[in-house]
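A.B. asks: Turn this into a structure:
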Amino acid sequence: MSEPTPEEQVAAAMVAFQATLEMARGHLARVAATPVHTPDERHQLHRDALDGRLGPDMERLARLVEDGETSWGEVFEGSSPHAGLLHSHLETMEQRYAEDWKQALEDDPTFDPRTVEAEMLDQEDDG
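C.D. replies: The predicted model follows:
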């Protein structure tokens, strides 16, 4: 077999890119369709953030939500121009709860990291 031409290489790369893009769009649609918080949890989050209990970035986000410049939904979807302010809070939560999350996964008899890896490989193969 001969080596693919540059045009064939570009075409193959475009097919792979389109497949990856479709996978990402599907994942984003699933994430966007799944609420992160209940209305009560979101209300509590908003109050805690406004009171400064979640750090200065979250307080700023809460004020932006209060002012109508963004919404918590947009922030958690990543579509808000202010979503970056969430990072410091997420990093704090990761540091605080990493061991708890790890233990919960280890204690979950249905969790198998090989399954996650296999699903990712299957999606690549389907593309």
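
A.B. asks: Centre of the chain to the longest helix along the chain, how far?
C.D. replies: Determined from DSSP state H, the single longest helix within the chain is helix 6-32. Between the centre of helix 6-32 and the centre of its chain there are 18 Å (CA atoms, centre = their mean, to the nearest Å).

A.B. asks: List the buried residues of it.
C.D. replies: Within helix 6-32, not a single residue qualifies as buried, counting by 16 or more other CB atoms under 10 Å. Where C-beta positions appear, they are placed from N, C-alpha and C, glycine not excepted.

A.B. asks: which residues does residue 4 contact?
C.D. replies: residue 12 (CB atoms under 8 Å, 6 or more residues apart in numbering).

A.B. asks: which SS state does it fall under?
C.D. replies: coil (DSSP: H, G, I helix; E, B strand; the rest coil).

A.B. asks: can you tell me how far it sits from residue 79?
C.D. replies: Residue 4 is 38 Å from residue 79, where distance means CB to CB, to the nearest Å.

A.B. asks: Residue 99: how many residues sit nearby?
C.D. replies: Counted with other CB atoms under 10 Å, residues neighbouring residue 99 total 9.

A.B. asks: Could you list the low-pLDDT ranges of this protein?
C.D. replies: 1, 29, 31-34, 116-120, 123, 126-127 (pLDDT under 70).

A.B. asks: count of residues packed around residue 62?
C.D. replies: 22.

A.B. asks: and it, what helix or strand is that in?
C.D. replies: Take DSSP states H and E as the rule and residue 62 turns out to sit in helix 56-66.

A.B. asks: Alpha carbons of the next helix or strand after that helix, as CSV, please.
C.D. replies: Note on helix 56-66: by DSSP H and E, the next helix or strand toward the C-terminus is helix 72-77. Output of helix 72-77 as CSV, limited to C-alpha atoms (Å, rounded to 0.1, in the frame of the first residue of the first chain):
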residue,chain,number,x,y,z
TRP,A,72,-25.8,30.6,37.9
GLY,A,73,-27.0,28.3,35.1
GLU,A,74,-24.7,30.1,32.6
VAL,A,75,-21.8,30.0,35.1
PHE,A,76,-22.1,26.3,35.6
GLU,A,77,-22.6,25.6,31.9
